[in-house]
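Student: Give me coordinates for this.
(2 chains)
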Amino acid sequence: KQEVTQIPAALSVPEGENLVLNCSFTDSAIYNLQWFRQDPGKGLTSLLLIQSSQREQTSGRLNASLDKSSGRSTLYIAASQPGDSATYLCAGQTGTASKLTFGTGTRLQVTL
Amino acid sequence: SAVISQKPSRDICQRGTSLTIQCQVDSQVTMMFWYRQQPGQSLTLIATANQGSEATYESGFVIDKFPISRPNLTFSTLTVSNMSPEDSSIYLCSVVKGVGTEAFFGQGTRLTVV
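Tutor: Sure thing, here's the model as predicted:
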């Protein structure tokens, strides 16, 4: 059974800093790894999807990497802004049923 | 991409009653899912909504408590039955257009049971 964990659980950084969020998964037979953003009390916004055959994906200030052999993914946020404050969730898709197993999330606060 | 409309966005309900949540997608999708997010927790899959047949439930979730319908490829409902305060959560609809492709989520329904 796939298990996904995220470290750290919470992170506070000053505006402008670069930061890395970590995601670990136990089952390397993963179809893809997806990163989401969730604002308080809201739904999920998809940020990046990395297929199992890919190493990384980039969108604007965001870069996500995937290392299946070590069971790890990272989300790199460059030049953080207060608007980046949210909870970031990673989720792995394993098997043809397309079900997602979610990590525990990292709550990010970017301060002025 | 897919645009998902979920209704209601929030509700406060009395214990013992039921609430039906609707999920409408702007295009036909192969797979639809219902997730629950309890306060301070991550998301847990409730079930896969199957078009024209009974939903497939995950361990710990049963049809009597969470009946699901999916009459076509763009619409699904989740009912939370005989509610108790422990059912207070955010319920989210999700769609995937094909195996291994991107998952999209609705804005969620914030349910409070009093």
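Student: can you list the residues of chain B near chain A?
Tutor: B:6, B:31, B:33, B:42-45, B:48, B:90, B:92, B:94, B:96, B:99-108, B:110 (CB under 8 Å from any CB of the partner chain). Yep, even glycine has a C-beta here, placed from its N, CA and C like the rest.
Student: Whichever of those end up buried, select them in PyMOL.
Tutor: Buried members of the residues of chain B next to chain A, identified by 16 or more other CB atoms under 10 Å in any protein chain shown, are gathered into one PyMOL selection as follows:
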select buried, chain B and resi 6+31+33+42+43+45+48+90+92+94+96+101+102+103+104+105+106+107+108+110
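Student: From the residues of chain B next to chain A, which land in strands?
Tutor: Taking DSSP state E, the ones among these that sit in strands are B:6, B:31, B:33, B:43-45, B:48, B:90, B:92, B:94, B:96, B:103-105, B:110.
Student: Look at A:G83 and tell me its secondary structure.
Tutor: Under DSSP: H, G, I helix; E, B strand; the rest coil, A:G83 falls in the helix class.
Student: Just list the residues touching it, thanks.
Tutor: For A:G83, the contacting residues are A:V110, taking CB atoms under 8 Å, 6 or more residues apart in numbering or on different chains as the criterion.
Student: what ranges do the helices span in chain B?
Tutor: Counting by DSSP state H, chain B has no helices at all.
Student: So for it, the centremost residue is which one?
Tutor: B:W34 (3.3 Å; CA atoms, centre = their mean).
Student: Show the pLDDT at that residue.
Tutor: With respect to pLDDT, B:W34 has a value of 98.
Student: Check A:T26 too.
Tutor: pLDDT at A:T26 comes out at 93.
Student: how close does it get to chain B?
Tutor: Separation of A:T26 from chain B (CB to the nearest CB, to the nearest Å): 15 Å.
Student: Near the residue nearest to that residue when sequence neighbours are not counted, how many other residues are there?
Tutor: Leaving aside its chain neighbours, A:T26 sits nearest to A:E3 (4.6 Å; criterion: CB to CB, 6 or more residues apart in numbering or on different chains). When counting by other CB atoms under 10 Å in any protein chain shown, one arrives at 12 neighbours for A:E3.
Student: OK, contacts around A:E3?
Tutor: Taking CB under 8 Å, 6+ apart as the test, what A:E3 contacts is A:F25, A:T26, A:D27, A:T101.
Student: Assign the last one to helix, strand or coil.
Tutor: What it means is A:T101. Classification of A:T101 by three-state DSSP places it in strand.
Student: now swap in the third one and tell me
Tutor: Going by three-state DSSP, the secondary structure assigned to A:D27 is coil.
Student: which residues touch it?
Tutor: A:K1, A:Q2, A:E3, A:G71, A:G92, A:T94 are the contacts of A:D27 under CB under 8 Å, 6+ apart.
Student: low pLDDT regions in chain B?
Tutor: Regions of chain B meeting the criterion pLDDT under 70 are absent.
Student: Quick check, pLDDT for A:G83.
Tutor: 96.
Student: Oh, that last question was meant for A:G43, not what I typed.
Tutor: As predicted, A:G43 sits at a pLDDT of 89.
Student: Now for it, how many residues are close by?
Tutor: 22.
Student: so it sits right up against B:G108, yeah?
Tutor: Yes: under the criterion of CB atoms under 8 Å, A:G43 makes contact with B:G108 at 4.2 Å.
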